[in-house]
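Colleague: sequence first, predicted coordinates after that:
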Amino acid sequence: MFLRKYKTIIFVVAILAIALILLSYNLKHETGTGLVKKVVLEAAAPVHNILSLSVKSVSNAWLRYVFLVGLEQDNRDLKKKIDELKAELILYQEGYLEAQRLNKILSLRDNHDYHFISARVIGREPSALSRTIMINKGSAHGLKVGMPVIAPAGLVGRLTDVSWHVSKVLLLIDESSNIDGILQRTRTQGIIRGVGSSGCELKYILKNQDVKEGEIVLSSGIGGVFPKGLLAGVISRVDRQDAGLFLKINITPFVDFSKLEEVLVLADQEEGN
Amino acid sequence: MVYYLLLPFLSILLVVLQTSIADVLFSGRLILEISLIVVIYAGFRFDLIKGIILSFILGFVYDCLVGSVLGLFTFIYMVIFLCSFFVSIRFSSEKLYFIALFSLICSFLEEILVILFYNLAYGLDILKKTSLIFLPQAVLLSLLAVLFFYLVHRTEGFLHGKAFQSTKRARTGRLSAEA
């Protein structure tokens, strides 16, 4: 009698309790990708694919055939830039060969052997709090939670949810992203933490350290998730005024996350085989 | 029954669609939370069981695809649904200015709950970083809510050939268990 009278209220309270239990369980255990979440990600993938393809084709048509203002000037600038870069590349090639020779002599090769798994970005999930993208590869292709993701320009982030054919990538600029970084010039180590759309911050660098704007920040390889030497970003601002022991350093990532189309997942050689 | 079977698929479609549109329009700076408007709409028009299930599924899908902690938006959406439901019993929810104002309040409520959660769970103070995003987002949401309610009202009127008011739920204040 009691149950029948208050069945609606009991149902509402029960469903609220389920949500609260779900929240507290995930908060405490960080279970990763459960079966239901995997199913939702898999179901969303085709919708993402269709939408991103149609949006891409519309924007391509606009950029290629309609919006051609300044194209000639761009072309001229790019040709000039190519000539400059070619000259620079020759220098770097020499440096690379030299580094390889030295590496061989000193036996400083990394213990990790990586291979790349390419994937296409099929969706972006912007929110005020999390910055993630979805890619069209999953555990069926050898991906696992925690694997680093890069683009030709530099570091992108790491895999946080891996479904069978779709995965979610937590971007470098996400507030909860922490990567061990190193300054290219001085080899000073810090933590690269995401600060949303404004980029990243390099934390825990003491005020007495020599840090300049325009310096390149790389992954340090500490922690074992990201290999050493991946390009993370460039220092855009160094604030020494802030009270406290450490410098406030802003980093602009090399990767333009709003224009990412393809990424590479770094899988361990053993995982990939 | 068809409603409950279609709900998960429609929820996925809605969340993916809203994120894709927001990505094209605002390049990831702002989000279009049409899902929240749907929850408010459900609070105004649906009965308790139908609405709370919609809020649960929509919130869960939003958590899976966009959110960082599974269960956060599931809970928030249900709280907002219940607020909308009880407000619609007390007040007339037909006026567009009321819908705009209420959506604005719901958007702020959602943001406050998120900020509180991150503060309590992780000790993060995200208020400073997100306050500039939250305000335009809340205003945008309230304007969209007006448009959404107006369009649904017109569609319902067109389909049923009569005024939409209270077609789904008797305005008696009684909690119906009818699904």
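Modeller: Done, it's in. Residues are numbered from 1 along each chain as shown, chains lettered A, B, ... in the order given.
Colleague: low-confidence ranges in the stretch 51-200 of chain A?
Modeller: Residue ranges of the stretch 51-200 of chain A with pLDDT under 70: A:104-113, A:126-129.
Colleague: what pLDDT does residue B:130 get?
Modeller: Per-residue pLDDT puts residue B:130 at 67.
Colleague: quick check: phi and psi on residue A:232?
Modeller: Main-chain torsions, residue A:232, degrees, to the nearest 10: phi -100, psi -50.
Colleague: roughly how far apart are it and residue A:216?
Modeller: 8 Å (CB to CB, to the nearest Å). Just so you know, the C-beta spots here come from the backbone N, C-alpha and C atoms, and that holds for glycine as well.
Colleague: what's the neighbour count on residue A:243?
Modeller: When neighbours are counted by other CB atoms under 10 Å in any protein chain shown, residue A:243 registers 5.
Colleague: that one sits in which helix or strand?
Modeller: Under the criterion DSSP states H and E, no helix or strand holds residue A:243.
Colleague: ok, back up a step: tell me which of residue A:232 and residue A:216 has more neighbours.
Modeller: Counted by other CB under 10 Å, residue A:232 and residue A:216 do not tie: residue A:232 has more neighbours, with 24 against 16.
Colleague: show me what contacts the more buried one?
Modeller: Residue A:232 sits next to A:154-155, A:172, A:179, A:181, A:192, A:200, A:217-219, A:251, A:253-254 when contact means CB atoms under 8 Å, 6 or more residues apart in numbering or on different chains.
Colleague: now, the residues you listed that are in strands?
Modeller: Among the contacts of residue A:232, DSSP state E puts A:154-155, A:179, A:181, A:192, A:200, A:217-219, A:251, A:253 in strands.
Colleague: and residue A:223, its phi and psi?
Modeller: phi 100, psi -20.
Colleague: over to residue A:204?
Modeller: Per degrees, to the nearest 10, the backbone of residue A:204 is at phi 60, psi 40.
Colleague: and it, how many neighbours?
Modeller: By other CB under 10 Å, the residues close to residue A:204 number 15.
Colleague: tell me how far it lies from residue A:155.
Modeller: Residue A:204 is 18 Å from residue A:155, by CB to CB.
Colleague: please apply the same query to residue A:8.
Modeller: Residue A:8 sits 51 Å away from residue A:155, going by CB to CB.
Colleague: go on, residue A:44?
Modeller: Taken as CB to CB, the span from residue A:44 to residue A:155 is 25 Å.
Colleague: returning to that earlier point: so residue A:8 and residue A:155 - more neighbours on which side?
Modeller: Legend: neighbour count by other CB under 10 Å for residue A:8 and residue A:155, higher for residue A:155 (27 against 18).
Colleague: would you confirm that the more buried one contacts residue A:177?
Modeller: No: the criterion here is CB atoms under 8 Å, and residue A:155 misses it with residue A:177 at 9.9 Å.
Colleague: which residues touch residue B:66?
Modeller: A:125, A:127, A:130, A:132, B:15, B:19, B:31, B:73.
Colleague: neighbours around residue A:10, how many?
Modeller: 13.
Colleague: tell me the pLDDT at it?
Modeller: 90.
Colleague: if we ignore the residues flanking it in sequence, what's nearest it?
Modeller: Using CB to CB, 6 or more residues apart in numbering or on different chains and skipping residues adjacent in sequence, the residue nearest residue A:10 is residue A:3, 6.8 Å away.
Colleague: just confirm that neighbour is within a strand.
Modeller: No: counting by DSSP: H, G, I helix; E, B strand; the rest coil, residue A:3 is not found in a strand; it is helix.
Colleague: confirm for me that it is in contact with residue A:9.
Modeller: No: applying CB under 8 Å as the test, residue A:3 and residue A:9 come out as separate, 10.4 Å apart.
Colleague: with neighbour numbers in mind, choose between these two.
Modeller: residue A:9 (12 against 7).
Colleague: distance of the more buried one relative to residue A:162?
Modeller: From residue A:9 to residue A:162 the distance is 40 Å (CB to CB).
Colleague: pull the distance from the longest helix along chain B to the chain's centre.
Modeller: Across chain B, the longest stretch assigned as helix under DSSP state H is helix B:127-160. Distance of helix B:127-160 from its chain centroid, counting by CA atoms, centre = their mean, to the nearest Å, is 9 Å.
Colleague: enumerate every residue touching residue B:16.
Modeller: Applying CB under 8 Å, 6+ apart, the residues near residue B:16 are A:44, A:47-48, A:51, A:123, B:65.
Colleague: mind telling me what element the residue nearest the centre of chain B is part of?
Modeller: Centroid-nearest residue in chain B: residue B:36, 2.1 Å away (criterion: CA atoms, centre = their mean). Using DSSP H and E, residue B:36 sits in helix B:34-45.
Colleague: check whether that helix comes near chain A.
Modeller: No: using CB under 8 Å from any CB of the partner chain, helix B:34-45 stays clear of chain A, with a minimum separation of 11.4 Å.
Colleague: what's the angle between that helix and helix B:127-160?
Modeller: The directions of helix B:34-45 and helix B:127-160 differ by 50 degrees, with axes from the mean of the first three to the mean of the last three CA atoms, to 10 degrees as the criterion.
Colleague: what pLDDT, on average, does helix B:34-45 get?
Modeller: Here the average pLDDT along helix B:34-45 is 93.
Colleague: quick check: next helix or strand after it?
Modeller: helix B:48-65.
Colleague: do that next one and chain A meet at all?
Modeller: Yes: residues of helix B:48-65 are located near chain A by CB under 8 Å from any CB, namely B:48-49, B:52-53, B:56, B:59-61, B:64-65.
Colleague: quick check: the gap between residue B:23 and residue B:126.
Modeller: Residue B:23 is 21 Å from residue B:126, by CB to CB.
Colleague: neighbour count for those two, which is higher?
Modeller: residue B:23 (22 against 19).
Colleague: could you say which helix or strand holds the more buried one?
Modeller: Using DSSP H and E, the element containing residue B:23 is helix B:2-26.
Colleague: and the angle for that helix with helix B:34-45?
Modeller: Put simply, helix B:2-26 runs at 140 degrees to helix B:34-45, going by the same axes, to 10 degrees.
Colleague: tell me the buried residues in helix B:2-26?
Modeller: For helix B:2-26, burial by neighbour count (16 or more other CB atoms under 10 Å in any protein chain shown) applies to B:7-8, B:10-20, B:22-23, B:26.
Colleague: looking at the contacts of residue B:66, which has the most residues close by?
Modeller: Most neighbours among these, by other CB under 10 Å: residue B:73, with 32 neighbours.
Colleague: helix or strand right after the helix or strand containing that one?
Modeller: Applying DSSP H and E as the criterion places residue B:73 in helix B:72-90. Moving toward the C-terminus from helix B:72-90, the next helix or strand (DSSP H and E) is helix B:96-122.
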